[in-house]
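J.: Only the shape, not the letters, is given here:
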């Protein structure tokens, strides 16, 4: 018997698939589940909601029956373009994956986040350059923090919830709490769904904070390979880099790319990235030490390049490229460094730009976890943006695999 289980069911009958996936996930458990996560892939919103309700009902009934009806499991999930379970990934097909966990002694606080718009301030009160008050959003619904909080799981609708701003500022509101999760999908704006404990929402975000005697660790594989040397940003404004190591940024980029082998020049031409070192004092910057962002533009007149984040003068950066080989090597290397003892279960949030878009099939990331951790319960989905900490700070990523892994109960790490 185990503390973690997963399940996967495919087919047009999503009600049956939901029930089957949840029962598969519960079957190997040594005790009633404390947490159940369900992810659903379908193009029909009505079918999605019906399947979500069935999955939550089955999970709650089974847990309640095992406890004599005295308690229920925390159940949450979302819609997705593809799901992960039973050692497989399934994209663009009607499917349901489920993941269940027994967490002895853990405290689980589920939540639903909403955004409230602040009222406009009297005319003339806004400072020059400020965002108008009517454009400001307040996120409500996050539970109060506790000293023994271990990790939070966050599933968000990217169309209605300011996930980037919330995650980037989460360290201020919840210092030291790692957040892991992803952005839901479901046929565009209005088609996504997030759900928790029997309720379904077409906006906002849901999640759970896990605290108490729980052994867990996170890893984010950004799937990028560095090219060229480390460089210090010597002139920049917001997300525009004007000089790198005292040289116009565009000139420096051209020097590096022209010095690459032909195949790497082709990779750079298909999509250049830049990594921002998260620890300026590290002697060497290895896998996972950079926050990887896209290079989104260049200006030949000024010699500047624009990137997908704000970088201050004095930060260390390094250009990066991404391909299937780099993504495979990066994930394998990070998992090999995983210091958690035997992993007993894991949640996997893989970018929808991975799967068949990057690899020969949809199973790649799931197979790497199975190869590394063994036959443990792994569930998750293909996300429209992944959430996970890099160097101790939470960020929203793209083209990554964000992983939350659980070790033996009660073990200190």
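T.: Sure thing, it's come through. What you are looking at is a predicted structure, and each value in this text was computed from that prediction instead of being measured.
J.: how's this structure carved up into domains?
T.: Per automatic domain parsing, the domain ranges recorded for the chain read 4-119+133-221+327-406, 225-321.
J.: gap between the two ends of the shortest one?
T.: Same thing as domain 225-321. Taking C-alpha to C-alpha, to the nearest Å, domain 225-321 runs 5 Å from one end to the other.
J.: Strands of the stretch 251-400 of the chain, start to end?
T.: Secondary structure of the stretch 251-400 of the chain by DSSP state E, counting those that start in this stretch: the strands cover 273-277, 290-299, 304-307, 316-321, 345-351, 377-383, 386-390, 393-397.
J.: Highest mean neighbour count out of these?
T.: Most buried of the strands of the stretch 251-400 of the chain by mean neighbour count (mean count of other C-beta atoms under 10 Å) is strand 377-383; its value is a mean of 30. C-betas here are computed from N, CA, C, even on glycine.
J.: Which elements pack onto that one?
T.: Counting contacts by 3 or more C-beta pairs under 8 Å, 6 or more residues apart in numbering; DSSP states H and E, strand 377-383 packs against strand 4-10, strand 35-41, strand 82-85, strand 95-101, strand 179-183, strand 345-351, helix 364-373.
J.: pLDDT on the longest helix along the chain, on average?
T.: Criterion DSSP state H: the longest helix present in the chain is helix 45-66. For helix 45-66, mean pLDDT is 86.
J.: Need the contact partners of it.
T.: Identification of contacts with helix 45-66 by C-beta atoms under 8 Å, 6 or more residues apart in numbering yields 14-15, 17-19, 21-23, 26, 31-33, 36, 38, 40, 42, 70-73, 75, 77, 79, 94, 96, 98, 100, 186-187, 191, 193, 195, 197-198, 200.
J.: Report the buried residues of that helix.
T.: Neighbour-count burial for helix 45-66, counted by 16 or more other C-beta atoms under 10 Å, picks out 45, 47-56, 58-60, 62-63, 66.
J.: now the helices: where do they sit in the stretch 151-300 of the chain?
T.: Applying DSSP state H, counting those that start in this stretch to the stretch 151-300 of the chain gives helices spanning 163-173, 249-258, 262-270.
J.: Make JSON lines out of the ones you listed and add mean neighbour count, distance to residue 289 and mean pLDDT.
T.: Shown next, in JSON lines, are those (neighbours: other C-beta atoms under 10 Å; distance: least, C-beta to C-beta, whole Å; pLDDT from 0 to 100):
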{"stretch": "helix 163-173", "mean neighbour count": "16", "distance to residue 289": "18", "mean pLDDT": "91"}
{"stretch": "helix 249-258", "mean neighbour count": "17", "distance to residue 289": "19", "mean pLDDT": "95"}
{"stretch": "helix 262-270", "mean neighbour count": "13", "distance to residue 289": "20", "mean pLDDT": "85"}
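J.: These into a markdown table, with extra columns for distance to residue 10?
T.: Converted to a markdown table, these look like this (distance: least, C-beta to C-beta, whole Å):
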| stretch | distance to residue 10 |
| --- | --- |
| helix 163-173 | 29 |
| helix 249-258 | 43 |
| helix 262-270 | 32 |
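J.: and residue 359, which of the ones you listed is closest to it?
T.: Residue 359 lies closest to helix 262-270 among the helices of the stretch 151-300 of the chain, at 15.6 Å (C-beta to C-beta).
J.: Low-confidence ranges, the stretch 101-250 of the chain, go.
T.: 119-135 (pLDDT under 70).
J.: make it 80
T.: Within the stretch 101-250 of the chain, the stretches with pLDDT under 80 are 117-137, 187-188.
J.: Then the stretch 301-413 of the chain?
T.: Applying pLDDT under 80 to the stretch 301-413 of the chain flags residues 337-341, 409-413.
J.: OK, contacts around residue 209?
T.: So residue 209 contacts 108, 109, 111, 143, 145, 149, 151, 152, 177 (C-beta under 8 Å, 6+ apart).
J.: again, only using 6 Å
T.: 109, 143, 149, 152 (C-beta atoms under 6 Å, 6 or more residues apart in numbering).
J.: Now intersect these with the strands, please.
T.: Residues of these located in strands (DSSP state E): 109, 149, 152.
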